[in-house]
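A.B. asks: got a structure for you, letters missing:
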């Protein structure tokens, strides 16, 4: 099934069920007022949401409406945990080169994750605030999972059952602020502003064999300013799967229902696949020509992120414009 | 006024108002079911909560009960943002020495903050899980604020209005896991497990002149295994005040209502004041004798954290025992 959150003037929006073709929606607020509430009681809410989804698939449902993506919040408009991995080795190597830093020695054995701000997410079509050219504003096209409660010490082999929903991410990044912030040693805080998620949170069964062993084996399609920018496959080169990331994140603590875990920027070694962020392309330019050529994002720039499963735009489209803040 | 959250089998507990002497409580769930809900609509809920507090102060109130701290959650049992600063220079210098790292060059000009896990807090009397001796389990006695919505770009001069509540923190830390985790460059994630907060969240007016310019000018009292461990003052040596920390945290994003910002481990240059974590004491031992002497926490160890405002145990007591996980 597909779930989404409709803007309704509240902080957490209204939970809706969406048809497989993304066109029709119906409120699920009688089952659970918000997606977080649904996740808090998933064992009881999921079967009811599934029934409503099936009803919507097989015919008209009372109260159904046409889905307008721009009227949606991110599936979780705010969450209790947003942990972003960096599971594509090619991305780590290129981006660290770009900022003159070495990849960690444990690159292939110990996952990289950071805890991101989760109190104020952007909706999938919300503007991206731009404060200053020194920010070096960049997008990052990623995939993410939403978990239920994960006990401390969960192993990768037992982790699949905890993956309840999948969605897209634009992990907005401020490249100009990352080096001084990381140099202090405490993580990214000021250099990772509010993140946006794709409109539809989708249960793994909707992807069939394209979701396998904790990896989404589909192309991550990014358009930048209306042109193709990248189509790397999110599957095989995801060095640490979502199962590995769950094991990593739950080593020393349990994870609460509604925890979002991101894959990190989807990236393939094959350059013909393009990129999922500006920093990578800039580094390739630097390697090839000695110069960074592509500038970072400026007001008016647009970014479009989606994933096709067959003909289906399975997670819907992130479609954002950069806008200067006052 | 004083607010707290009573365990009631739900994830967010029940909001209660507590008498100034910490002994009597009454439900406020008719005003707001949870503290997060109260903070989400603070302009309307705060005056009602204040009235209930005053009623409780001046006489008996229907439904009042004796407050049992062990039956309380942390004031926010989970939150959308837990950002911990490290505002006491003495702590930064000692702890970095202890792990052979340099303080950042911007030590006195640019605050250090990390984003902590906020999906599963421990209650003020909940056991601290201990997994392994290699964890190097430590406590950190801190103070924290809870904010309302803070717009992006808020300056320190305008920040005081956003501080709605104050409370204590035990920022549980895994010293054995911090160096390898920080070496990867992405922050503390696995080395900072679930945090505990003091039982009572208190409005700034309750502290009178002891809360001034974003600093709590009271002694941070820590007992470890039943003995005095430290009483550093939390005020003057807090290099960056909570006003500075709000400015820092809101540079590139707005902060959602219910954001918790911590001070970092309270620490004074005067050694007679003791310490607020084991890592500092160990470093002092190393400087003085060449050896680390004090071991990290093991199952059975107890930690007690509180602050006296005159005779009043203003925030209540964090009182936890270390217990091995299965």
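C.D. replies: Looks like it arrived, so ask away. This one's a predicted model, so the numbers in the text were calculated from it and none came from an experiment.
A.B. asks: So which bits of the stretch 1-150 of chain A are right by chain B?
C.D. replies: A:11, A:40, A:78-81, A:83, A:86, A:101, A:104-106, A:110, A:112-120, A:129, A:131, A:135 (CB under 8 Å from any CB of the partner chain). (C-beta placed from N, C-alpha, C; glycine too.)
A.B. asks: Return a PyMOL selection command for the buried portion of those.
C.D. replies: Selection of buried members from these for PyMOL, criterion 16 or more other CB atoms under 10 Å in any protein chain shown:
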select buried, chain A and resi 11+40+78+79+80+81+83+86+104+110+112+113+114+115+116+117+118+119+120+129+131+135
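A.B. asks: Determine whether any part of stretch A:191-200 lies close to chain B.
C.D. replies: Yes - using CB under 8 Å from any CB, stretch A:191-200 reaches chain B at A:191, A:193-194.
A.B. asks: and that stretch, how far apart are its ends?
C.D. replies: The straight-line separation of the ends of stretch A:191-200 (CA to CA, to the nearest Å) is 26 Å.
A.B. asks: Could you pull up the residues touching the closest residue to residue A:88 other than its chain neighbours?
C.D. replies: Leaving aside its sequence neighbours, residue A:88 sits nearest to residue A:267 (CB to CB, 6 or more residues apart in numbering or on different chains; 4.1 Å). Applying CB atoms under 8 Å, 6 or more residues apart in numbering or on different chains to residue A:267 gives the contacts A:88, A:90-91, A:94, A:232, A:237, A:275-276, A:280.
A.B. asks: go with 6 Å
C.D. replies: Taking CB atoms under 6 Å, 6 or more residues apart in numbering or on different chains, we find residue A:267 in contact with A:88, A:90-91, A:232.
A.B. asks: Kindly indicate which of those lies nearest residue B:157.
C.D. replies: residue A:91 (40.2 Å; CB to CB).
A.B. asks: Tell me the secondary structure at that closest one.
C.D. replies: helix (DSSP: H, G, I helix; E, B strand; the rest coil).
A.B. asks: Quick check: chain neighbours aside, which residue is closest to it?
C.D. replies: residue A:267 (3.7 Å).
A.B. asks: Let me know the pLDDT of that neighbour.
C.D. replies: At residue A:267, the predicted lDDT confidence score is 96.
A.B. asks: same thing with residue A:123?
C.D. replies: Reported pLDDT for residue A:123: 98.
A.B. asks: So it is in contact with residue A:73, correct?
C.D. replies: Yes - judged on CB atoms under 6 Å, residue A:123 makes contact with residue A:73 at a distance of 4.8 Å.
A.B. asks: rewinding a little: which SSE is the residue nearest to residue A:88 in?
C.D. replies: Under the criterion DSSP states H and E, no helix or strand holds residue A:267.
A.B. asks: From chain B, how far out is it?
C.D. replies: 17 Å (CB to the nearest CB, to the nearest Å).
A.B. asks: Also residue A:66?
C.D. replies: 30 Å.
A.B. asks: Tell me how many other residues surround that residue.
C.D. replies: 8 (other CB atoms under 10 Å in any protein chain shown).
A.B. asks: and it, bridged to which residues?
C.D. replies: Under the criterion DSSP bridges, residue A:66 forms beta bridges with residue A:24.
A.B. asks: ok, and what's touching stretch A:222-242?
C.D. replies: So stretch A:222-242 is contacted by A:87-89, A:111, A:141, A:143, A:145, A:213-221, A:266-268, A:273-276, A:301-305 (CB under 6 Å, 6+ apart).
A.B. asks: give the contact list for the closest residue to chain B within the stretch 201-326 of chain A.
C.D. replies: Closest approach between the stretch 201-326 of chain A and chain B, counting by CB to the nearest CB: residue A:256, at 3.2 Å. For residue A:256, the contacting residues are A:80, B:78, B:119-120, by CB under 6 Å, 6+ apart.
A.B. asks: how does it look with 7 Å?
C.D. replies: A:80-81, A:149, B:78, B:119-120 (CB atoms under 7 Å, 6 or more residues apart in numbering or on different chains).
A.B. asks: could you say what helices and strands the longest helix along chain A packs with?
C.D. replies: Scanning chain A for the helix with the most residues, using DSSP state H, yields helix A:42-58. Where contact means 3 or more CB pairs under 7 Å, 6 or more residues apart in numbering or on different chains; DSSP states H and E, helix A:42-58 is packed against strand A:14-18, strand A:24-27.
A.B. asks: can you pull the buried residues of that helix?
C.D. replies: For helix A:42-58, by 16+ other CB under 10 Å, it's A:42, A:45-46, A:49, A:52-53, A:56.
A.B. asks: got the angle for it vs strand A:14-18?
C.D. replies: Calculated by axes from the mean of the first three to the mean of the last three CA atoms, to 10 degrees, helix A:42-58 forms an angle of 50 degrees with strand A:14-18.
A.B. asks: Is it possible to get the buried residues of helix A:42-58 out as CSV so that each row also shows distance to residue A:247 and pLDDT?
C.D. replies: Shown next, in CSV, are the buried residues of helix A:42-58 (distance: CB to CB, whole Å; pLDDT from 0 to 100):
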residue, distance to residue A:247, pLDDT
A:42, 20, 98
A:45, 26, 98
A:46, 23, 98
A:49, 28, 98
A:52, 33, 98
A:53, 30, 98
A:56, 35, 97
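A.B. asks: Smallest distance to chain B belongs to which residue of the stretch 151-300 of chain A?
C.D. replies: Counting by CB to the nearest CB, the stretch 151-300 of chain A gets nearest chain B through residue A:187, at 2.6 Å.
A.B. asks: quick one: low-confidence ranges for the stretch 1-150 of chain A?
C.D. replies: For the stretch 1-150 of chain A, no stretch has pLDDT under 70.
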